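[1] I'll drop the sequence and a predicted model, then ask my questions.
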Amino acid sequence: MSKPSIYGMTYEQLKDWLMDHGQKRFRADQVWNWLYKKRINHFSDMKNINKETIGLLDEHFVLGVLEEEVKQESKDGTIKYLFRLTDGNLIETVLMRFNYGLSVCVTTQVGCNIGCSFCASGLLNKSRDLTSGEIVEQIMMVQKNLDLKGKDERVSHIVVMGIGEPLDNFDNLMDFIYIVNDDRGLNIGARHITVSTSGLAHKIYKFADTGVQVNLAVSIHAPNNELRRSIMKINKAFPIEKLMDAIHYYLQKTNRRITYEYIMLKDVNDHQEEAIQLAELLKDHRKLAYVNLIPYNTVDEHSQYQRSDSATIQAFFETLKEQGINCGVRWENGADIDAACGQLRSKQIKKMKPNRSRSLSK
Ligand code: SAH
Ligand code: SF4
């Protein structure tokens, strides 16, 4: 078994581990500081830490498990990374620039089992969950790349919207949130972190119970069961009524706003009727609801879907507004570099030799 990434440990876990291994409590603060503030690349770079402790860490952990395979930079400043994991699997991470800061989109699983019909990630089944270390390292790799530019730029926001269903990798997701949010480390504000789910209702209850103050986004994509089931098979296990019950529980527990993601698929879910149904579905909590209309990104040339045209998206938006629903349209970043989730990875896998691609995508 290869050694785990030290970035996968929360501050508390690291402190307990060090104390269990005969180290003083303050060592945890020192190590944490070297990891996340000074952002070293080798344990031996930790100047004020004795050789014995460094040897201990070296023996049990590694500092980097991701390798940069591909890096694409878009004209608008979006940077898309393809990282190779120690087992050869590939994952995607995207850095996006907004007027409010730098946001990183992270991956939580290798592939995804939810299998939404419009999604590139869903076309490649899940082979495994990412560890908390592999999720944190995506942020560290991007931040260390920014550090090298010497412009003092900092990742300020995170969206958990890359490949995978985050709530299906619940414990590692939570550790990731605790680690990046820790004010002794990266200190990325909970309100600057958004977790997107396809609607695993039972996990939404659990998520609400953790009490974390991060934002939740729900991929709703259709306002009725028949239509939703036809594009998201997860709707069979968690139909809209069950999902809405879980959301009401979440709202009651947290009083936080929910974002609903709605992908605009031409002639599938983009009629006025669906906008009205969606407004109806959300009206009992409209003050805490925000709808993000996402123009569909073509997955590949054989895709059964097309993006709704701009006039239709605008009309859908207007209808929601008229019905008193807060909403916006998410025009994409990095359109020239396959920035939609899973696209770079699925292209890269296709490019590889057939025998290799099979072992990667399983
Ligand atoms: N599994 C989670 C998070 C990752 S997907 C979820 O589904 O919510 C993040 C968002 O991208 C989701 O709203 C998803 O529906 C959307 N998405 C997937 N494929 C897309 C595509 N081809 N074009 C535009 N958005 C897409
Ligand atoms: Fe998985 Fe989300 Fe893609 Fe659906 S949209 S297949 S849940 S990554």
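    Noted; the coordinates are in hand. Note that the structure is predicted; figures quoted are calculated from it, not measured. Numbers count the residues shown, from 1 in each chain. Ligands and ions are numbered 1, 2, ... in the order given.

[2] Would you mind listing what in the stretch 151-300 of the chain touches ligand 1?
    Proximity of the stretch 151-300 of the chain to ligand 1, by CB under 6 Å from any ligand atom, involves residues 161, 165, 196-198, 219, 261, 263, 294, 296-297, 299. (Glycine included, C-beta is placed from N, CA and C.)

[3] Please work out how many residues are found near residue 244.
    Counted with other CB atoms under 10 Å, the neighbours of residue 244 add up to 18.

[4] So which elements touch the strand or helix carrying it?
    Assessed by DSSP states H and E, residue 244 sits inside helix 240-254. Applying 3 or more CB pairs under 8 Å, 6 or more residues apart in numbering; DSSP states H and E, one finds that helix 240-254 contacts helix 201-210, strand 215-219, strand 258-264.

[5] rewinding a little: want to try CSV for the residues of the stretch 151-300 of the chain next to ligand 1, with secondary structure, distance to residue 329 and pLDDT as columns?
    Output for those, formatted as CSV (DSSP: H, G, I helix; E, B strand; the rest coil; distance: CB to CB, whole Å; pLDDT from 0 to 100):
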residue, secondary structure, distance to residue 329, pLDDT
161, coil, 16, 93
165, coil, 24, 96
196, strand, 17, 97
197, strand, 21, 98
198, coil, 21, 97
219, strand, 16, 97
261, strand, 12, 97
263, strand, 12, 96
294, strand, 8, 94
296, coil, 12, 92
297, coil, 14, 88
299, coil, 20, 75
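
[6] Out of those residues, flag the one nearest to residue 311.
    residue 296 (15.2 Å; CB to CB).

[7] partners of the closest residue to that closest one other than its chain neighbours in the sheet?
    Nearest non-adjacent residue to residue 296, counting by CB to CB, 6 or more residues apart in numbering: residue 307, 4.3 Å away. Here residue 307 sits in beta bridges with residue 265, going by DSSP bridges.

[8] shaky segments in the stretch 101-250 of the chain?
    Per-residue confidence for the stretch 101-250 of the chain (pLDDT under 70) gives these ranges: 121-123.

[9] Show me what from it comes close to ligand 2.
    So far as CB under 6 Å from any ligand atom goes, the stretch 101-250 of the chain lies against ligand 2 at 112, 114-116, 119, 121-122, 163-165, 198, 219.

[10] hang on, the earlier thing: take the helices and strands packed on helix 240-254 and write them to a markdown table, including distance to residue 59.
    Below are those laid out as a markdown table (distance: least, CB to CB, whole Å):
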| stretch | distance to residue 59 |
| --- | --- |
| helix 201-210 | 33 |
| strand 215-219 | 39 |
| strand 258-264 | 44 |
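
[11] And those: which comes nearest residue 230?
    Evaluated with CB to CB, the helices and strands packed on helix 240-254 place strand 258-264 nearest to residue 230, the distance being 13.1 Å.

[12] In TSV: the residues of the stretch 151-300 of the chain next to ligand 1, plus neighbour count.
    TSV is the format used below for those (neighbours: other CB atoms under 10 Å):
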residue	neighbour count
161	21
165	27
196	22
197	25
198	25
219	24
261	18
263	26
294	20
296	21
297	20
299	21
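
[13] farthest-separated two in the residues you listed?
    197 and 299 (20.3 Å).

[14] closest to residue 86 out of the helices and strands packed on helix 240-254?
    helix 201-210 (27.6 Å).

[15] so where's the longest helix in the protein?
    helix 132-149 (DSSP state H).

[16] So that helix, near ligand 1 or not?
    No: Helix 132-149 does not reach ligand 1 (CB under 6 Å from any ligand atom); its nearest approach is 13.0 Å.

[17] what's that helix in contact with?
    With contacts defined as CB atoms under 8 Å, 6 or more residues apart in numbering, helix 132-149 is touched by 4-9, 39, 41, 64-66, 68, 79, 81, 83, 85, 91, 93, 95, 102, 104, 106-108, 153-155, 158, 171-173, 175-176, 179-180, 186, 188.

[18] Narrow those to those in helices?
    Mapping the contacts of helix 132-149 onto helices (DSSP H) picks out 171-173, 175-176, 179-180.

[19] May I see the PyMOL selection of the buried members of these?
    Applying 16 or more other CB atoms under 10 Å to the ones in helices among the contacts of helix 132-149, the buried members can be selected in PyMOL as follows:
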select buried, resi 172+173+175+176+179+180
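
[20] Relative to residue 126, which of the ones in helices among the contacts of helix 132-149 is nearest.
    residue 172 (13.3 Å).

[21] pretty sure that closest one contacts residue 129?
    Yes: taking contacts as CB atoms under 8 Å, residue 172 lies within contact range of residue 129: 6.1 Å.

[22] what is in contact with those two at once?
    Common neighbours of residue 172 and residue 129 (CB under 8 Å, 6+ apart) are residue 108.

[23] about what we covered before: strand 258-264 and the helix holding residue 244, what's the angle between them?
    Angle of helix 240-254 versus strand 258-264, following axes from the mean of the first three to the mean of the last three CA atoms, to 10 degrees, is 150 degrees.

[24] Can you show me the CA trace of helix 240-254 as PDB?
    Taking C-alpha atoms only, helix 240-254 is exported to PDB below (Å, rounded to 0.1, in the frame of the first residue of the first chain):
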ATOM      1  CA  ILE A 240     -38.700  15.300  -6.600                       C
ATOM      2  CA  GLU A 241     -41.000  15.000  -3.500                       C
ATOM      3  CA  LYS A 242     -38.300  13.200  -1.500                       C
ATOM      4  CA  LEU A 243     -35.700  15.700  -2.600                       C
ATOM      5  CA  MET A 244     -37.900  18.600  -1.700                       C
ATOM      6  CA  ASP A 245     -38.600  17.100   1.800                       C
ATOM      7  CA  ALA A 246     -34.800  16.900   2.300                       C
ATOM      8  CA  ILE A 247     -34.300  20.400   1.100                       C
ATOM      9  CA  HIS A 248     -37.000  21.700   3.500                       C
ATOM     10  CA  TYR A 249     -35.200  20.000   6.300                       C
ATOM     11  CA  TYR A 250     -31.900  21.600   5.200                       C
ATOM     12  CA  LEU A 251     -33.600  25.100   5.000                       C
ATOM     13  CA  GLN A 252     -35.100  24.700   8.300                       C
ATOM     14  CA  LYS A 253     -31.800  23.600   9.900                       C
ATOM     15  CA  THR A 254     -29.500  26.100   8.200                       C
END
